[in-house]
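Asks: Give me coordinates for this.
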Amino acid sequence: QVQLVESGGGLVQAGGSLRLSCAASGRTFSHYAMGWFRQVSGKEREFVAAINWNGDSTYYADSVKGRFTISRDNAKNTVYLQMNSLKPEDTAVYYCAARFSLVLVTTEMYDYWGQGTQVTVSS
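Replies: The predicted structure follows:
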């Protein structure tokens, strides 16, 4: 069982930056691929970014490529999402997810999900 707790969300002006963190419980964090997703109320959840078990492979949605960076620290059981040049359309609840896999996963086929953290970007 893996528990995920996101933090770092908040209100920021367009063009600003935020760094989301996702702390995972358990001793086998390095056995899990991690991902970030986001959801706007009334819309489907969408993929944002993914990272493989050791961080040497990442993948991004086209909408965030060049602005967001996913990374992980296996010693701290934490995955991060650095979000720069934020836009109002980035406003959403952001979720991290974990899948028992060595390769990154870009679909919603994850085993565990966090509770989400709200990111609001004002224009």
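Asks: Next, count neighbours for Gly55.
Replies: Number of residues near Gly55 (other Cβ atoms under 10 Å) recorded here: 16. Every C-beta, even on glycine, is put in place using the N, C-alpha and C of the backbone.
Asks: Using the three-state scheme, assign Ala50.
Replies: Following DSSP: H, G, I helix; E, B strand; the rest coil, Ala50 is assigned to strand.
Asks: What residues of stretch 80-94 count as buried?
Replies: Using 16 or more other Cβ atoms under 10 Å as the test for burial, stretch 80-94 gives Tyr80, Leu81, Met83, Leu86, Asp90, Thr91, Ala92, Val93, Tyr94.
Asks: do you know how far the residue nearest the centre of the chain is from Ser123?
Replies: When the chain is reduced to its mean C-alpha position, the closest residue under Cα atoms, centre = their mean turns out to be Trp36, at 2.6 Å. As defined by Cβ to Cβ, to the nearest Å, Trp36 lies at a distance of 23 Å from Ser123.
Asks: Tell me which stretches of the chain form strands.
Replies: Counting by DSSP state E, the segments of the chain that form strands are 4-7, 10-13, 18-24, 32-39, 46-51, 58-60, 68-73, 78-83, 92-100, 112-113, 117-122.
Asks: Looking at these, which one is packed in the most?
Replies: With neighbours taken as mean count of other Cβ atoms under 10 Å, the strands of the chain reach their highest mean count in strand 32-39, at a mean of 24.
Asks: which residues touch it?
Replies: Residues lying outside strand 32-39 but in contact with it, judged by Cβ atoms under 8 Å, 6 or more residues apart in numbering, are 2, 20, 22, 24, 45-53, 70, 72, 79, 81, 90, 92-106, 108, 110, 116, 119.
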